[in-house]
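K.L.:
pasting the structure only:
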């Protein structure tokens, strides 16, 4: 991933040097396991531990000839070790090293992502509790529906993020498995005890019946969980983009000192981070699709998945880590225009209370639903057309007055009724 969308801690997990370090650790642990089985002299293990090293430049030089990165790596390590190097990569196939090392990387990356989601969830939760009673227009199809609160909106995001965290934690556990079972997974050259020892020392599980590779449904689940989390971030970002539109103006992204919104128009303050998150979420979905494509490999394996995963696995983790950090920055610095929320709520002439009038008519009169609906809708359409408050039209409608007292109409427009039962949402949120 390009540095623009990378953070150091996550990017370091997928650096070339970190990758080779994981490979070397696996190779040495495999020798350790064979020492325990009395298959390798202790002195050779000591020599390997003292001398084993790699040089990325030398590996690249060898790979240019061998056209195989693991072969190049093993040759470079053996150059440094000397005679004891004959034990390096003994009985192993490339995927034993590659897939086990990838499991370590994805486990560590998954831990960072789970932590990042947790931090963002707490930030959104805190803002939700602060705005539990901040009234605003709820919108469906982009049109005013009924009053809600900004806190209720944020609560929904909090719970969704918590589900993302649980999904990703589960996917992290599923992908954190290694294998050292050989060319087609039958342990033909090495005892299963070697695999058990290495994976135990690395803190990994074992793929119960690997072929030459760890089953790719695990990686597909991981990438899918990353993509779902990205979709959540897109959902949040898209809503904030709408709420920042000039015609709405209910929230504003943070705007750093010295920042400029446009090279041409000095007045511009654009939701650029939210837009960026929406764009990057598309990449995560594309990477998830490749994960599904990689599940079905030929027979015990081919390498059609390999080139893909060199890009998608690190990039997905690095991107989501970046997106989580940026979204938290947006949430923690979000400017919430409470007055504008109220202005916009009032701008639709009280039409947001139409269902309250409908239910009041149904409970207080003998009207059938269709009759009551038509009565309220008639006045609602007139309010739109004539730009008059719905409450005034209802009070001047003789047919309405036949069924409702004036104070009963007033009750329908009391916004406190919309807050009366939201406490249950925030009780759940506080327990999150």
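P.N.:
Perfect, thanks for sending it. Everything numeric here is computed off the predicted structure, so don't read it as measured data.
K.L.:
chain neighbours aside, what residue packs nearest to residue 333?
P.N.:
Closest residue in space to residue 333, ignoring its immediate chain neighbours: residue 254 at 3.2 Å, by Cβ to Cβ, 6 or more residues apart in numbering. Glycine gets a C-beta too; all of them are placed from N, C-alpha and C.
K.L.:
repeat that for residue 318.
P.N.:
residue 1 (4.2 Å).
K.L.:
go on, residue 335?
P.N.:
By the measure of Cβ to Cβ, 6+ apart, the closest residue to residue 335 outside its immediate chain neighbours is residue 252, 4.0 Å from it.
K.L.:
now residue 219
P.N.:
Nearest residue to residue 219 in three dimensions, chain neighbours excluded: residue 291, at 5.6 Å (Cβ to Cβ, 6+ apart).
K.L.:
residues near the one you found, how many?
P.N.:
25 (other Cβ atoms under 10 Å).
K.L.:
surely it meets residue 223?
P.N.:
Yes. Between residue 291 and residue 223 there is a contact under Cβ atoms under 8 Å: 3.6 Å.
K.L.:
if I look at those two, which residues touch both of them?
P.N.:
The overlap between the contact sets of residue 291 and residue 223 (Cβ atoms under 8 Å, 6 or more residues apart in numbering) consists of residue 312.
K.L.:
return the backbone torsion pair for the residue nearest to residue 335.
P.N.:
Note on residue 252: backbone dihedrals following degrees, to the nearest 10 are phi -140, psi 140.
K.L.:
against residue 340, how distant is it?
P.N.:
Here the criterion is Cβ to Cβ, to the nearest Å. By it, residue 252 lies 10 Å from residue 340.
K.L.:
who touches both of the two?
P.N.:
With Cβ under 8 Å, 6+ apart, residue 252 and residue 340 have no common neighbours.
K.L.:
neighbours of residue 405, how many?
P.N.:
Counted by other Cβ under 10 Å, the residues lying close to residue 405 total 10.
K.L.:
can you check the one 3 residues further on too?
P.N.:
By the other Cβ under 10 Å criterion, the neighbourhood of residue 408 contains 15 residues.
K.L.:
if I pick the closest residue to it other than its chain neighbours, what's in contact with it?
P.N.:
In space, and not counting its chain neighbours, residue 408 is closest to residue 360: 6.0 Å by Cβ to Cβ, 6+ apart. If a contact means Cβ under 8 Å, 6+ apart, then residue 360 has 404, 408-409, 411-412 as its contacts.
K.L.:
how about 10 Å then?
P.N.:
Listed by Cβ atoms under 10 Å, 6 or more residues apart in numbering, the contact partners of residue 360 are 353, 372, 376, 403-404, 408-409, 411-412.
K.L.:
cool, and residue 251?
P.N.:
The neighbourhood of residue 251, defined by Cβ under 10 Å, 6+ apart, consists of 136, 150, 239-244, 271, 274, 330, 334-337, 340-341.
K.L.:
against residue 134, how distant is it?
P.N.:
Note on residue 251: its distance to residue 134, by Cβ to Cβ, is 11 Å.
K.L.:
go on, residue 147?
P.N.:
Distance of residue 147 to residue 134, computed by Cβ to Cβ: 11 Å.
K.L.:
and stretch 172-191, what's buried?
P.N.:
The neighbour-count check on stretch 172-191 (16 or more other Cβ atoms under 10 Å) flags 172, 174-183, 185, 187, 190 as buried.
K.L.:
buried set for the helix or strand harbouring the residue nearest to residue 408?
P.N.:
Per DSSP states H and E, residue 360 falls inside helix 354-364. Neighbour counts over helix 354-364 (16+ other Cβ under 10 Å) mark 354, 356-358, 360-362 as buried.
K.L.:
can you tell me the average pLDDT over the biggest helix by length in the chain?
P.N.:
Secondary structure of the chain read by DSSP state H shows that its longest helix is helix 94-130. The average pLDDT for helix 94-130 rounds to 98.
K.L.:
which neighbours does the very next helix or strand once past it have in its sheet, and in what orientation?
P.N.:
The C-terminal neighbour of helix 94-130 among helices and strands, as given by DSSP H and E, is strand 135-140. Sheet neighbours of strand 135-140, with direction, are listed as strand 143-149 (antiparallel) (DSSP bridges).
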